[in-house]
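J.: Build me a model from this:
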Amino acid sequence: MRLLGITWKNVRNEDIRKKTGSLILEDIIKERRLSWMGHVLRMDNSRQPRKNWVDVIKRDLKNMDLTWEEAEVLANDKAEWRQRVAQCSHVDGDELRSLR
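T.: As a prediction, the model looks like this:
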């Protein structure tokens, strides 16, 4: 199979990135995160976001009727965690609690 002029048989991701000029996804995310940080720091204090990642995750877990500790245990079972995460976008809190 050929895509972007590359035969994909036994090709390493690093080789593909070099040939296509793509960056490592981690670097792209880091760059965007730092760019956002600069944007937020330049904002007037009254406009700065008041939530951080942990606050947002805790709110999401609360909507799933889970504590942080329960989530840590569940996340160790990747299949169960994926199922729970998928369910949170399809059911409301009462229905989700009944699934526990």
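J.: Low-confidence stretches in the protein?
T.: Along the chain, the model assigns pLDDT under 70 to residues 1-8, 89-100.
J.: Now with 80, please.
T.: Filtered on pLDDT under 80, the chain yields the residue ranges 1-11, 16, 34, 37, 40-41, 45-51, 53, 87-100.
J.: This structure - how does it break down into domains?
T.: 2-47, 53-98 (automatic domain parsing).
J.: want to throw the ones you listed into CSV with mean neighbour count?
T.: (Each C-beta comes from the backbone N, C-alpha and C, glycine too.) What follows is the domains of the chain, written out as CSV (neighbours: other CB atoms under 10 Å):
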stretch, mean neighbour count
domain 2-47, 10
domain 53-98, 12
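J.: Checking L23 next. Helix, strand or coil?
T.: Reduced to three states with DSSP: H, G, I helix; E, B strand; the rest coil, the structure at L23 is coil.
J.: wait, doesn't it sit right on N13?
T.: No: using CB atoms under 8 Å, L23 is not in contact with N13, being 11.6 Å away.
J.: mind listing the strands for the protein?
T.: Under the criterion DSSP state E, strands of the chain are mapped to 2-3, 6-7.
J.: Tell me the spacing between K78 and T67.
T.: 19 Å (CB to CB, to the nearest Å).
J.: D55 too?
T.: The spacing between D55 and T67, counted by CB to CB, is 15 Å.
J.: got it, and V73?
T.: Using CB to CB, V73 is found at 10 Å from T67.
J.: What residues does L74 make contact with?
T.: For L74, the contact set (CB atoms under 8 Å, 6 or more residues apart in numbering) comprises 66, 80-81, 84.
J.: the helices in this structure, which residues?
T.: All helices of the chain, identified by DSSP state H, fall at 13-20, 25-42, 53-63, 68-75, 78-88, 93-98.
J.: Packing partners of the fifth one?
T.: Other helices and strands packing on helix 78-88, by 3 or more CB pairs under 8 Å, 6 or more residues apart in numbering; DSSP states H and E, are helix 68-75.
J.: Now do the helix it packs on: distance to the chain's middle.
T.: For helix 68-75, the separation from the chain centroid amounts to 16 Å (computed by CA atoms, centre = their mean, to the nearest Å).
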